[in-house]
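Q: Build me a model:
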Amino acid sequence: MKDRIHLEFATERRTFLKLLASFTVTACTGLAGCSHAPGIPSGLTFLDEQTYPVIKAFANRILPPGGAFPQGADDIDVVDYFDTVVAAQPPEIQKDMRSGILLLEYRALFFRLSFKRFTEMPADLQDKYLKSWETSSVALFRGIFWGYKKICCLGFFSNEKIRPHIGYDGPWI
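A: Coordinates of the predicted model:
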């Protein structure tokens with residue numbers, strides 16, 4: 001009996017969190033407007049003027065230039081890789097990915113009451129915000145963070161400009 005009650009509570013909690021996330025994105029999109037930096041590179045198939053700046057900012061915080069590698073996400077075109085990978089997914093996956101991007105952007109309005117979208121935050125606050133996603137007790141936020149990070153890192157480390165820095169000569173075929 002106790003296990004059944006726990007299972008029902010967990011299911012209701014997941015449903016509540018999904019609804020809350022959906023409501024947050026919807027409400028914030030209406031409140032904050034959808035204006036972003038004008039123009040996106042041509043040739044993108046999944047990302048648009050609303051989602052491109054979010055993934056660009058995300059990738060630049062995850063893979064900045066300097067440090068271990070002289071190149072960063074911008075130098076390697078990680079956002080183009082992200083677009084290509086997600087565009088190859090079925091429509092239902094693309095819809096979920098887009099919802100996650102918008103949640104990443106607009107949930108920031110409530111982060112430490114900054115009242116700024118993710119793309120409007122200064123770099124140090126973006127780092128703290130992303131760290132809160134990485135270590136969140138909410139599986140949805142952790143999943144979004146780690147999924148996007150893995151795609152960005154795969155695009156970065158598979159690039160021929162990075163291969164010499166990691167001691168990989170590239171594919172033999």
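Q: Assign residue 99 to helix, strand or coil.
A: Secondary structure, DSSP: H, G, I helix; E, B strand; the rest coil: residue 99 is helix.
Q: what's around it, how many residues?
A: 15 (other CB atoms under 10 Å). In this view, the C-beta of every residue, glycine as well, is placed from N, C-alpha and C.
Q: swap in residue 68?
A: Using other CB under 10 Å: residue 68 sits among 6 other residues.
Q: what's the answer for residue 153, then?
A: 15.
Q: Next, the contact list for residue 124, please.
A: Shown in contact with residue 124 (CB atoms under 8 Å, 6 or more residues apart in numbering): no residues.
Q: Please point out which parts of the host helix or strand of it sit buried.
A: Using DSSP states H and E, residue 124 maps to helix 123-134. Neighbour counts over helix 123-134 (16 or more other CB atoms under 10 Å) mark 125, 126, 129, 130, 132, 133 as buried.
Q: and what of stretch 45-64?
A: By neighbour count on 16+ other CB under 10 Å, the buried set for stretch 45-64 is 46-47, 50-63.
Q: Rounded mean pLDDT for stretch 46-57, please.
A: The predicted model gives stretch 46-57 an average pLDDT of 97.
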